[in-house]
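[1] Here you go, sequence then predicted model.
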Amino acid sequence: MQRLLDQAALLIRKARELPPQEAVASLKEAVGLLEAVRPSKERDGMMALAYLRLAQLEGQRGRRQEAERAFMLGYSYARTSREERVRRLAERLGQELAGVTPG
């Protein structure tokens, strides 16, 4: 299972350097790998990160419905992972999607 976590982490990192359409595919592939892993704090944190980044990309691409769906999944995983950094990202992204500038 650690191998799947490592592969997913590489895909999530790689997505930062890719054009939006390729980054979306990379993040979706990471989610697919993570779905095969038993739930844990690490796995849920990575799921949250992948979904939240996916929400950002879909929002940038003007795909509001997909962005909102990815955000809701990412927010849920951020809460279950209890990883502070990921939770803060989820809260900030939630404000962005709602059209509120973080203060």
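    Perfect, I can see it now.
[2] When you work out contacts or count neighbours from here on, use the C-alpha atoms and nothing else.
    OK.
[3] Return the alpha-carbon coordinates of the helix or strand bottoming out on mean pLDDT in the chain using CSV.
    Using mean pLDDT, DSSP states H and E, helix 84-97 stands out as the lowest-scoring helix or strand of the chain, at a mean of 88. C-alpha atoms of helix 84-97 as CSV (Å, rounded to 0.1, in the frame of the first residue of the first chain):
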residue,chain,number,x,y,z
GLU,A,84,-4.3,21.4,9.8
ARG,A,85,-2.5,22.5,6.6
VAL,A,86,-5.0,20.8,4.4
ARG,A,87,-7.9,22.0,6.4
ARG,A,88,-6.7,25.6,6.0
LEU,A,89,-6.4,25.1,2.3
ALA,A,90,-9.9,23.8,2.2
GLU,A,91,-11.3,26.8,4.1
ARG,A,92,-9.4,29.2,1.8
LEU,A,93,-10.6,27.5,-1.3
GLY,A,94,-14.2,27.5,0.0
GLN,A,95,-14.0,31.2,0.4
GLU,A,96,-12.6,31.6,-3.1
LEU,A,97,-15.3,29.4,-4.6
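[4] What is it packed up against?
    Counting contacts by 3 or more CA pairs under 8 Å, 6 or more residues apart in numbering; DSSP states H and E, helix 84-97 packs against helix 41-60, helix 64-81.
[5] what would these look like in TSV with mean neighbour count and mean pLDDT?
    Listed next are the helices and strands packed on helix 84-97 as TSV, based on neighbours: other CA atoms under 10 Å; pLDDT from 0 to 100:
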stretch	mean neighbour count	mean pLDDT
helix 41-60	24	95
helix 64-81	20	94
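[6] Make TSV out of those helices and add distance to residue 2.
    Below are the helices and strands packed on helix 84-97 laid out as TSV (distance: least, CA to CA, whole Å):
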stretch	distance to residue 2
helix 41-60	10
helix 64-81	17
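[7] and the least confident helix or strand of the chain with helix 64-81, angle?
    Using axes from the mean of the first three to the mean of the last three CA atoms, to 10 degrees, the direction of helix 84-97 lies 150 degrees away from that of helix 64-81.
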